[in-house]
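>>> For reference, the sequence and a predicted model appear below.
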Amino acid sequence: MNGTKNTKHRFIYTDVYKDRVVQLYYDGMKKKDIIEEYEVSMYLLNKWIKQYNRDLN
């Protein structure tokens, strides 16, 4: 995992990490497999995908 924990035990993910995970989704990897392999929640993955789409426009 390429995140760091802050003092409240939450991970802080870099933009590069988020982009890499989202790109896996667009390359055809199933969301279920992404959240299991990269240990992120479905909520975060969907949020990152939406943000990625907004940044493209």
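The structure has been received and is ready for your questions.

>>> from here on, contacts and neighbour counts on C-alpha atoms
Fine.

>>> Give me the pLDDT value at T7.
T7 carries a pLDDT value of 53.

>>> how much space between T14 and R20?
Distance of T14 to R20, given as Cα to Cα, to the nearest Å: 10 Å.

>>> where exactly do the strands run in this protein?
For the chain, strands defined by DSSP state E occupy the ranges 3-5, 11-13.

>>> where along this protein do the helices fall?
Counting by DSSP state H, the chain has helices at residues 15-26, 31-38, 42-56.

>>> Reformat those as a markdown table; add mean neighbour count and mean pLDDT.
Formatted as a markdown table, those follow (neighbours: other Cα atoms under 10 Å; pLDDT from 0 to 100):
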| stretch | mean neighbour count | mean pLDDT |
| --- | --- | --- |
| helix 15-26 | 15 | 96 |
| helix 31-38 | 13 | 96 |
| helix 42-56 | 13 | 95 |
